[in-house]
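Peer 1: need a structure here:
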Amino acid sequence: MSHILVKGLVAAAVLSALVGCNDNDDNSNTSCGENCTRFTILHTNDNHGRFWQNEDGEYGMAARKTLIDQIRNEVQRNGGEVLLLSGGDINTGVPESDMQNAVPDFIGMNLIGYDAMAVGNHEFDNSLDILDMQAQLAKFPMLAANIYLRDNQGQPTGERLFDAYRVFDVNGLKIAVIGLTTKDTAHLVNPSNIATIHFADPKIEIQKTLKEIEANEKVDLVFATTHMGHYADGNHGTEAPGDVLLARSVAEGKLQAIIGGHSQNPVCMEPDNKNYADFKPGNDCRPDQQNGTWIMQAHEWGKYVGRADFEMKDGKLDLVSYDLVPVNLLVKDANGNKVLVGDKIEQDSAVLEELQYYKDKGQKLLDVKISHTDAKLNGDRDMVRSQQTNLGWLLGEAYRSYHLVDADFGVMNSGGIRASIEAGDIAYRDVLTVQPFGNFVTKATMTGAEVAKYLGEVGTKTGGAYAQLKNISVTIYCDSKTADISEINGKTFSPTETYSFSIISFSADGGDGYPKIDVLDTQQTDAAVLRDYFEKNPNIIAADFEPIPGKVAHVKSGVTVNNCGVK
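Peer 2: Sure, this is the predicted structure:
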């Protein structure tokens, strides 16, 4: 069994029971003794195009480089060595990166000195030739034991697309690192991108890979870098099983740690290892432990660098300390002012200079024409929050018709529509002005009766929660909060039929007071999907999206109104 030393918040009696072979928490210069080897795992995950700091100066690869170099130097002074891993999803999320196929992000990872990464589902958002380019660009291996090629008949060939594992010499220890990717990738990306790819069950593939390592290598430890998600106590819901169930599927002692990604949460647990702690930047963090396997994840975007300090003594591995180190993160103080968590981390000048070129190039690409509209697409606040508009209906059409959604109708909260698009050329910068929040486009499926009940509640909301409804004929009764649906997707409505609709993740998660519902998450941002729609429709006719009178009607006290807030 491993041990952990956590800081500050643990009672002294409990703390003494958790100490490993070094009882120091300050990374001091003292030796851990004979037959004791120190090493440190650093990790990030779900970069999603954040090669550059945000407008508040948070995170960014240049500051990450400085922090990691500082930790490397400290670890080496104390007789240790560092292994730097990524839990994947380098692609997708920031336009300047997306439009350059994440080249700046991989260059940044090279400059920082990553040793290996898991392949994430968003690595398949582009065609395989782009992924191959990225793999060639990376000066570190992409690892995925469960991704196989298919033959012409669509059957797995047994040939992996990436290496299943790599063995690293870390301060004299041989550490095998296995890569694994979520099975959900098969329905999270464009099917044409993965037509020749098979995603096998990670729980089966890790057993196979462990046997391969045992047969071909002599290693001291086995770690996994995964892109599968962490779900407390294995409760993964509609998601594919993640790291917790993976750890439980392996014989205790066979897998020492999982460095994860995909769910984009800081894995900081209560002592029962069943519930998440209320973690805030700068707080102590106790990683999960299941079946003798430590499980770690560093939230997202490079906001944190996860740091796990290990000691190996007499064949026993101890996790001596663990921390999620914030990278120039800000929090609000009692007066509502943003203040820095911890010390300011300066940006590495070499990384900053290298990535500045891509930042500038990305800004220019934001102004490249992607479509054209012959008239204004109305997202004005005083209009879109009180009545159906052509922009509201265009967004509904764009999201419901997206190839990963293919839904019958669309629901869009008006508070998520932040601007109009004027007549003329449309650039990606216009898209980001309209949809700036980076919500994901999702798909809900319900029976007709459930849809009517849902729209009875959603359709009566006002202000920013006012619902733009596309491809449905419905009358909303404000007083009774009921919905009378006559037609969906051109077909007569039936309460027993099954229907699907697009909705952004903010609303599906209960935002604006919407009911929280189960959805299929495309993990594609609203702006990216809207950009895709415009690129596929280079000449927008605004009249094609003009709301049809009576198609979406609201009745209050027997009177037809624009919305349930006013007559």
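
Peer 1: so V351 touches G113, yeah?
Peer 2: No - in this structure, V351 is not within contact of G113 by C-beta atoms under 8 Å, at 10.8 Å. The C-beta positions use only the backbone N, C-alpha and C, and glycine is treated the same way.

Peer 1: Looking at the two, which is more packed in?
Peer 2: V351 (22 against 15; other C-beta atoms under 10 Å).

Peer 1: how about that one, what does it touch?
Peer 2: V351 makes contacts with M61, A62, K65, G108, L111, I112, as judged by C-beta atoms under 8 Å, 6 or more residues apart in numbering.

Peer 1: Next, count neighbours for the third one.
Peer 2: Pointing back at K65 there. 22.

Peer 1: in a strand, that's where it is, yeah?
Peer 2: No - when DSSP: H, G, I helix; E, B strand; the rest coil is applied, K65 is found to be helix, with no strand at that position.

Peer 1: Excluding chain neighbours, what is closest to it?
Peer 2: Among residues not flanking K65 along the chain, D348 sits closest, at 4.0 Å (C-beta to C-beta, 6 or more residues apart in numbering).

Peer 1: quick one, phi psi at that neighbour?
Peer 2: When read as degrees, to the nearest 10, the backbone of D348 gives phi -70, psi 130.

Peer 1: Kindly report the same for N335.
Peer 2: Note on N335: backbone dihedrals following degrees, to the nearest 10 are phi -90, psi 0.

Peer 1: What's the local residue count around it?
Peer 2: A total of 6 residues lie near N335 under the criterion other C-beta under 10 Å.

Peer 1: go on, L137?
Peer 2: Using other C-beta under 10 Å, L137 is surrounded by 15 other residues.

Peer 1: Ok, D115 next?
Peer 2: Neighbour count of D115, defined by other C-beta under 10 Å: 20.

Peer 1: Relative to G234, how far out is it?
Peer 2: Here the distance between D115 and G234 works out to 29 Å (C-beta to C-beta, to the nearest Å).

Peer 1: Which residues are in contact with the residue nearest to K65?
Peer 2: Contact criterion C-beta under 8 Å, 6+ apart gives A62, A63, K65, T66, D69, L111 as the residues in contact with D348.

Peer 1: which of these has the most neighbours?
Peer 2: Using other C-beta under 10 Å as the neighbour criterion, A62 leads the contacts of D348 with 25 neighbours.

Peer 1: my guess is that one contacts I345, does it?
Peer 2: No - assessed by C-beta under 8 Å, A62 is found out of contact with I345, at 9.3 Å.

Peer 1: what's the span of stretch 227-245, first residue to last?
Peer 2: Distance between the two ends of stretch 227-245: 13 Å, counting by C-alpha to C-alpha, to the nearest Å.

Peer 1: Touching that stretch from outside, list them.
Peer 2: Looking at stretch 227-245 with C-beta under 8 Å, 6+ apart, the contacting residues turn out to be 45, 87-89, 118-121, 180-184, 202-203, 226, 246, 248, 258, 260-263, 265, 267, 269, 273-276, 288, 290, 295, 297, 518-520.

Peer 1: List the buried residues of it.
Peer 2: Neighbour counts using 16 or more other C-beta atoms under 10 Å place 227-232, 234, 236, 239-245 of stretch 227-245 among the buried residues.

Peer 1: So among the residues you listed, where is pLDDT lowest?
Peer 2: When these are compared by pLDDT, E239 scores lowest at 90.

Peer 1: now it, what's its secondary structure?
Peer 2: coil.

Peer 1: For it, give its distance to M228.
Peer 2: From E239 to M228 the distance is 9 Å (C-beta to C-beta).

Peer 1: What pLDDT is listed against the residue nearest to K65?
Peer 2: Each residue has a pLDDT score; the one for D348 is 98.

Peer 1: which stretches of the stretch 401-550 of the chain form strands?
Peer 2: When secondary structure is read from DSSP state E, counting those that start in this stretch, the stretch 401-550 of the chain shows strands at 409-413, 424-427, 440-447, 467-470, 472-477, 482-488, 491-492, 498-504, 520-525.

Peer 1: Including distance to Y399 and pLDDT, could the contacts of D348 go into a markdown table?
Peer 2: Putting the contacts of D348 into a markdown table (distance: C-beta to C-beta, whole Å; pLDDT from 0 to 100) gives the following:
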| residue | distance to Y399 | pLDDT |
| --- | --- | --- |
| A62 | 35 | 98 |
| A63 | 35 | 98 |
| K65 | 37 | 98 |
| T66 | 40 | 98 |
| D69 | 43 | 98 |
| L111 | 37 | 98 |
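
Peer 1: can you redo those residues as a markdown table with distance to S505?
Peer 2: Formatted as a markdown table, the entries for these read as follows, by distance: C-beta to C-beta, whole Å:
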| residue | distance to S505 |
| --- | --- |
| A62 | 30 |
| A63 | 28 |
| K65 | 31 |
| T66 | 33 |
| D69 | 36 |
| L111 | 33 |
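
Peer 1: Name the nearest of the residues you listed relative to N193.
Peer 2: Taking C-beta to C-beta as the measure, N193 sits nearest to L111 out of the contacts of D348, at 28.0 Å.

Peer 1: follow-up on the earlier one: among the contacts of stretch 227-245, name the ones in strands.
Peer 2: A118, L180, T181, T226, I258, D288, Q290, I295, L520 (DSSP state E).

Peer 1: Most neighbours of all these, which one?
Peer 2: Counting by other C-beta under 10 Å, T226 has the largest number of neighbours within the ones in strands among the contacts of stretch 227-245, with 34 neighbours.

Peer 1: That one - nearest residue in space that isn't next to it in sequence?
Peer 2: With sequence-adjacent residues excluded and distances taken as C-beta to C-beta, 6+ apart, T226 is closest to L180, at 4.5 Å.

Peer 1: quick one: contacts for that neighbour?
Peer 2: 118, 144-146, 202, 205-206, 224-228, 246.

Peer 1: Need those residues in CSV (columns: distance to D509).
Peer 2: CSV is the format used below for the contacts of L180 (distance: C-beta to C-beta, whole Å):
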residue, distance to D509
A118, 26
A144, 29
A145, 32
N146, 29
P202, 26
E205, 32
I206, 31
A224, 29
T225, 28
T226, 24
H227, 22
M228, 21
L246, 26
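
Peer 1: L365: which of the residues you listed is nearest?
Peer 2: H227 (27.3 Å).

Peer 1: That closest one and I147, how far apart?
Peer 2: Relative to I147, H227 is positioned 11 Å away (C-beta to C-beta).

Peer 1: what is in contact with those two at once?
Peer 2: Common neighbours of H227 and I147, counting by C-beta under 8 Å, 6+ apart, are V119, T181.

Peer 1: Domain map for the protein?
Peer 2: Using automatic domain parsing, the domains assigned to the chain come out as 39-361, 369-561.
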